[in-house]
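Participant: With the input below, show me the fold.
(2 chains)
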There are 2 protein chains.
Amino acid sequence: STRFAVALAALTMLVGPVAAKALDAGLARRPEGPEAVPEAIESTEARVLVIGFGRFGQILTQVLLAEGVSVTVIDKDVDQIRSAARFGFRIYYGDGTRLDVLRAAGIGRAELLCICVDDSEAALKIVDIVHEEFSSVRTYVRAFDRTHAVELMNRDVDFQLRETVESALAFGRATLEGLGLSSEAAAATAEDVRKRDVARLVLQQAGALTDTMSWARGLNEIKPEPLTEPKRPSRALNAETRDIIGSQRREAATRTLETDDDYQSQQQEARTDA
Amino acid sequence: STRFAVALAALTMLVGPVAAKALDAGLARRPEGPEAVPEAIESTEARVLVIGFGRFGQILTQVLLAEGVSVTVIDKDVDQIRSAARFGFRIYYGDGTRLDVLRAAGIGRAELLCICVDDSEAALKIVDIVHEEFSSVRTYVRAFDRTHAVELMNRDVDFQLRETVESALAFGRATLEGLGLSSEAAAATAEDVRKRDVARLVLQQAGALTDTMSWARGLNEIKPEPLTEPKRPSRALNAETRDIIGSQRREAATRTLETDDDYQSQQQEARTDA
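Facilitator: Below you'll find the model as predicted:
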């Protein structure tokens, strides 16, 4: 069909004619032959244990599969188990937050555990079990948000990454390109934001960026803050917005386009709060 | 405290001493002075309209803020509106799926719309409204998963990105490094997977990778497939897993470690199915 021809043309631009043809033929094989990460033993045990074969685990394991790394997948969802069966993995249908399941799936002989569940509390529970029972296994964890990331850092996991942060950065890069910025400049800005963001995370974990009151209230008080100083105050575009923003003393510098009357007094309040 | 000193040291390694000090002092300023993306007019209108200030929108707008791009944020959550007020944006508290809200927030004069809501259906609804009413505005959309991405591509959005795909790729890269692969080799493999993944998405949109039956059933039938051919069949690690995997004819090549009896007959079935 025409649609298919267009898709193939787009594909060719994207990955080159050879790869496009290979994909067109069905499953693509990797051009390189030998495995870059050789197995210690061609054993029945996997080097990496992955808990959770949802959106995140599926893409992660594509990367491991591309290098021929042996993988065991645990999932408690029947459909995900069926999907995993197409990937040539060792598969365990069960609840990955249970010690007996982890043991039966062979965590004791895995080098690395990737916790990719879509449930922040379950992820923390697994980390606690594994650090207690299998301290030699490294823990790599999908984090939900900033608060979850700090909780994971506090548990000394070996690696954590917020599940939406990299796509959001790439999305920002694409948006800048859409506004006319060069690809290089957009990438540099996104990289700069990534570094500032991680730096802020490190300080947040140390408690340096939480004021006394919110620190006492706990991690739930971690709030988004600009990593670049805004050049102008925020502006509410309708009365309801002004009501919401105005009710916060911290945002007192915010003025509205509708009623600028109380802007001066609010700004003075803001100074005493800073 | 000691913890804070450790954090500052880590920070210094990460972003260099000057940036670390700036962050430590509170808000960081960008080193460069002039805006790389100059405003057409220093107007009350924003170039970019962002719907949704959740995890995704917050990081995206950090990138825009770093370049001094003017932004209007729409959100229907009071807490998110309060957070956005710290960023110096134009802010509209309201439902971004409503035509009147979009109009009041100034979509008519925006160059680009970033739809970052955490609701696939709402995102599609906004796309439909905007393409119908404001066809000159470009649409950049946060996609939930593969199916959603194809639906967005079918609507001819200008850009879509699955919200977890980039973090999952970066996570895979980090895992390979954790297994001893060099940083360069791990990055190259992740990049290779990204290209194959996008290529597959393009073919999926064209309908080339969906068999007749599932095409008739619609997009919900899009299923994960390995982008690299597995070197061995999957293995079920317990009886329940075998029951699940065995019940699918497509996964008939999968054998179990526990009962290999019916492996031969299953494999023949698999061949006729392929």
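
Participant: CA only for contacts and neighbour counts going forward, please
Facilitator: Fine.

Participant: in chain A, which helix or strand is least confident?
Facilitator: Least confident element among the helices and strands of chain A, by mean pLDDT, DSSP states H and E: helix A:263-273 (a mean of 33).

Participant: Counting neighbours, which bits of the biggest helix by length in chain A end up buried?
Facilitator: Ranked by residue count under DSSP state H, the longest helix found in chain A is helix A:183-206. Buried residues in helix A:183-206, defined by neighbour count with 16 or more other C-alpha atoms under 10 Å in any protein chain shown: A:186-187, A:189-197, A:199-206.

Participant: what does stretch A:69-83 give?
Facilitator: A:Val69, A:Ser70, A:Val71, A:Thr72, A:Val73, A:Ile74, A:Asp75, A:Lys76, A:Gln80, A:Ile81, A:Arg82, A:Ser83.

Participant: Repeat that for stretch A:91-106.
Facilitator: A:Ile91, A:Tyr92, A:Tyr93, A:Gly94, A:Asp95, A:Gly96, A:Thr97, A:Val101, A:Leu102, A:Ala105, A:Gly106.

Participant: and the closest residue to chain B within the stretch 51-200 of chain A, how many residues sit next to it?
Facilitator: Nearest residue of the stretch 51-200 of chain A to chain B: A:Gly88, at 3.8 Å (C-alpha to the nearest C-alpha). Counted by other C-alpha atoms under 10 Å in any protein chain shown, the residues lying close to A:Gly88 total 23.

Participant: where do the strands sit along chain A?
Facilitator: A:48-51, A:71-75, A:90-93, A:112-115, A:138-143, A:159-162, A:235-236, A:255-256 (DSSP state E).

Participant: Ok, which of those comes nearest B:Asn154?
Facilitator: When these are compared by C-alpha to C-alpha, strand A:159-162 sits nearest B:Asn154, at 28.9 Å.

Participant: partners of the closest one in the sheet?
Facilitator: Looking at strand A:159-162 with DSSP bridges, its partner strands are strand A:138-143 (parallel).

Participant: Which residues does the partner strand contact?
Facilitator: If you take C-alpha atoms under 8 Å, 6 or more residues apart in numbering or on different chains as the criterion, strand A:138-143 is touched by A:111-117, A:120, A:123, A:127, A:149, A:152, A:157-163, B:175.

Participant: and the longest helix of chain A, anywhere near chain B?
Facilitator: Yes. Helix A:183-206 reaches chain B (C-alpha under 8 Å from any C-alpha of the partner chain) through A:Thr189, A:Ala190, A:Val193, A:Lys195, A:Arg196, A:Ala199, A:Arg200, A:Val202, A:Leu203, A:Ala206.

Participant: Return the member of those residues nearest to B:Phe144.
Facilitator: Among the residues of helix A:183-206 next to chain B, A:Ala190 lies closest to B:Phe144 (C-alpha to C-alpha), at 21.5 Å.

Participant: quick one, what contacts that closest one?
Facilitator: A:Leu169, A:Ala170, A:Gly172, A:Arg173, B:Val63.

Participant: Quick check: of these, which lies closest to B:Asp145?
Facilitator: Of all these, B:Asp145 sits closest to A:Ala170, with 16.1 Å by C-alpha to C-alpha.

Participant: how deep is that closest one tucked in, by neighbour count?
Facilitator: When neighbours are defined as other C-alpha under 10 Å, A:Ala170 has 22 of them.

Participant: ok, the closest residue to chain B within the stretch 151-274 of chain A - how many residues close by?
Facilitator: Taking C-alpha to the nearest C-alpha, chain B has its nearest neighbour within the stretch 151-274 of chain A at A:Ser234, 3.8 Å off. Neighbour count for A:Ser234, taken as other C-alpha under 10 Å: 25.

Participant: doesn't B:Ser83 make contact with it?
Facilitator: No. If you go by C-alpha atoms under 8 Å, A:Ser234 and B:Ser83 don't touch, sitting 10.7 Å apart.

Participant: which regions of the stretch 151-274 of chain A lie under the pLDDT threshold?
Facilitator: A:208-221, A:247-274 (pLDDT under 70).

Participant: any idea how far A:Glu151 is from A:Cys114?
Facilitator: A:Cys114 sits 17 Å away from A:Glu151, going by C-alpha to C-alpha, to the nearest Å.

Participant: Comparing those two, which residue is more hemmed in?
Facilitator: In this comparison of A:Cys114 against A:Glu151, neighbours counted by other C-alpha under 10 Å, the higher total goes to A:Cys114 at 24 against 17.

Participant: what residues are up against that one?
Facilitator: Neighbours of A:Cys114 in contact, by C-alpha under 8 Å, 6+ apart: A:Val48, A:Leu49, A:Val50, A:Ile51, A:Thr139, A:Tyr140, A:Val141, A:Arg142.

Participant: of those, buried ones?
Facilitator: Buried, going by 16+ other C-alpha under 10 Å: A:Val48, A:Leu49, A:Val50, A:Ile51, A:Thr139, A:Tyr140, A:Val141, A:Arg142, out of the contacts of A:Cys114.

Participant: quick check: mean pLDDT across stretch A:108-119?
Facilitator: Stretch A:108-119 shows a mean pLDDT of 96.

Participant: Now that stretch: buried residues?
Facilitator: Buried-residue list, stretch A:108-119, by 16+ other C-alpha under 10 Å: A:Gly108, A:Arg109, A:Ala110, A:Glu111, A:Leu112, A:Leu113, A:Cys114, A:Ile115, A:Cys116, A:Val117, A:Asp118.

Participant: what's the farthest-apart pair in those residues?
Facilitator: Across the buried residues of stretch A:108-119, the longest distance by C-alpha to C-alpha is 24.7 Å; it joins A:Arg109 and A:Asp118.

Participant: which residues touch stretch A:72-84?
Facilitator: A:45-46, A:48-54, A:89-96, A:105, B:223-225, B:241, B:244-245, B:248, B:251.

Participant: Also stretch A:163-180?
Facilitator: Here stretch A:163-180 makes contact (C-alpha under 8 Å, 6+ apart) with A:56, A:142-145, A:183, A:186-187, A:189-190, A:194, B:37, B:55-57, B:59-61, B:63-64, B:111-112, B:140, B:161-168, B:170.

Participant: Pull out the buried residues from it.
Facilitator: Buried residues in stretch A:163-180, defined by neighbour count with 16+ other C-alpha under 10 Å: A:163-179.

Participant: if we can go back for a sec, turn the contacts of A:Ala190 into CSV, including distance to A:Ser135.
Facilitator: Putting those into CSV (distance: C-alpha to C-alpha, whole Å) gives the following:
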residue, distance to A:Ser135
A:Leu169, 33
A:Ala170, 35
A:Gly172, 38
A:Arg173, 39
B:Val63, 38
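
Participant: Looking at those, spot the one nearest B:Pro230.
Facilitator: Nearest to B:Pro230 among those is A:Ala170, at 29.6 Å by C-alpha to C-alpha.

Participant: tell me the domain ranges of chain A?
Facilitator: What automatic domain parsing lists as the domains of chain A is A:1-27, A:43-163, A:167-221, A:235-273.

Participant: Okay, A:Asn154 and A:Gln160: tell me how far apart.
Facilitator: 11 Å.

Participant: brain fart, A:Lys223
Facilitator: 19 Å.

Participant: Quick check: closest non-adjacent residue to the residue of the stretch 151-274 of chain A closest to chain B.
Facilitator: B:Gly88 (3.8 Å; C-alpha to C-alpha, 6 or more residues apart in numbering or on different chains).

Participant: OK, contacts around A:Gly108?
Facilitator: Applying C-alpha under 8 Å, 6+ apart, the residues contacting A:Gly108 are A:Phe134, A:Val137.

Participant: Check the one 3 residues further on too.
Facilitator: For A:Glu111, the set of contacting residues under the criterion of C-alpha under 8 Å, 6+ apart consists of A:Arg47, A:Val48, A:Ser136, A:Val137, A:Arg138, B:Leu179.

Participant: Apply 6 Å and report the result again.
Facilitator: A:Arg47, A:Val137 (C-alpha atoms under 6 Å, 6 or more residues apart in numbering or on different chains).

Participant: how about it, phi and psi?
Facilitator: phi -80, psi -30 (degrees, to the nearest 10).

Participant: separation between it and A:Leu64?
Facilitator: From A:Glu111 to A:Leu64 the distance is 14 Å (C-alpha to C-alpha).
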